[in-house]
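Undergrad: build the 3D model from these lines:
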Amino acid sequence: MGRVEGKVALITGAARGQGRSHALRLAQEGADVVLVDACAPIPTAPIPMPGEDDLDRVADEVRAAGRRAIAHVVDVRDTGGMAKVVDDAVGTLGRLDIVCANAGIFATAPALETDDALWDETLAINLTGVFRTVRAAVPPMIDRGEGGSVILTSSTAGLKGVPNTVAYAAAKHGVVGVMRVLANELARHRIRVNSVHPTGVDTDMIRNEATYRLMVPGEEHPTSEQAEPVFRSVNALPVPWVDATDVSNAVLWLASDESRYVTGVTLPVDAGATGK
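TA: Residues are numbered from 1 along each chain as shown. Next comes the predicted model:
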């Protein structure tokens with residue numbers, strides 16, 4: 001029997017990267033999955049966003065693992081859209097037990113060069129979108145009366161001040177505040193709320209020229225090979241980044257009954273980066 005057998009998980013930012021990895025890991029352990037992604041361009045994001053075909057592909061991968069999947073193209077900033085996602089999830093799959101508020105973007109600039117568009121969009125997706133996801137998803141969990149697990153994706157930049165990430169860090173620190181309040185408010189309903197804090201993860205979010213330029217300033221077109229030693233220097237363990245599956249394993253643990261008395265925790269998956 002899987003570690004989340006018979007449960008239903010809602011995952012945002014599910015079309016690729018960590019969201020896709022979380023969906024497949026939870027499905028492997030018995031969960032049905034509700035997949036949400038905007039699948040639309042984000043003007044301030046330095047990389048192209050996934051498309052509907054990417055989201056459909058993840059749904060097919062979940063079904064290939066023997067679990068049910070429904071996919072919704074919805075922006076986490078859309079209150080009405082998220083409410084419809086939750087209504088459909090409960091109506092189609094019968095329940096909601098796990099919420100992974102994972103959707104986010106990563107755009108960088110020195111603090112005093114961060115313009116309004118970058119600030120506003122990063123906060124709206126990475127912080128407000130997390131809150132709106134949880135606000136939509138938790139009421140049916142309360143109504144069901146069987147508890148649940150809410151997992152918010154933050155970052156090492158939600159625990160320390162990482163240069164050139166002021167909007168991202170502000171949002172990810174804000175996620176911790178949301179998590180701590182919800183952990184206290186929802187405990188009486190046996191709904192646990194925790195956050196995960198990855199270091200760099202080997203996905204498109206950091207594997208791009210814009211991030212490489214952050215790590216190798218002065219190079220017009222830095223390569224992954226040039227950036228890798230700098231990524232490695234951030235972590236205590238001798239690795240430049242972690243895999244998405246490393247974060248997914250932490251998400252699975254927080255989603256499962258193995259962590260049934262764990263709530264209000266900031267869980268680093270960071271190769272020791274926050275300890276340096």
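Undergrad: all strands for the stretch 1-150 of the chain, in order.
TA: Remark: strands assigned in the stretch 1-150 of the chain by DSSP state E, counting those that start in this stretch are 8-12, 32-37, 69-73, 98-101, 148-153.
Undergrad: helices or strands up against the fourth one?
TA: To tie it back to what came earlier, the one meant is strand 98-101. strand 8-12, helix 17-28, helix 129-144, strand 148-153, helix 244-255 (3 or more Cβ pairs under 8 Å, 6 or more residues apart in numbering; DSSP states H and E). Just so you know, the C-beta spots here come from the backbone N, C-alpha and C atoms, and that holds for glycine as well.
Undergrad: how about the ones you listed in JSON lines, adding mean neighbour count?
TA: Listed next are the helices and strands packed on strand 98-101 as JSON lines, based on neighbours: other Cβ atoms under 10 Å:
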{"stretch": "strand 8-12", "mean neighbour count": "29"}
{"stretch": "helix 17-28", "mean neighbour count": "25"}
{"stretch": "helix 129-144", "mean neighbour count": "20"}
{"stretch": "strand 148-153", "mean neighbour count": "26"}
{"stretch": "helix 244-255", "mean neighbour count": "22"}
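Undergrad: so which of these gets nearest Asn184?
TA: Taking Cβ to Cβ, strand 148-153 is the member of those nearest to Asn184, at 12.6 Å.
Undergrad: how about residues contacting the closest one?
TA: In this structure, residues lying in contact with strand 148-153 by Cβ atoms under 8 Å, 6 or more residues apart in numbering are 13, 18, 96-102, 104, 130, 134, 137-138, 141, 175, 178-179, 182, 186, 190-196, 198, 247, 251, 254-256, 259.
Undergrad: in the protein, what helix or strand scores lowest on average pLDDT?
TA: Ranked by mean pLDDT, DSSP states H and E, the helix or strand of the chain with the weakest confidence is helix 209-215, at a mean of 91.
Undergrad: for Val74, which non-adjacent residue is closest in space?
TA: Gly81 (3.9 Å; Cβ to Cβ, 6 or more residues apart in numbering).
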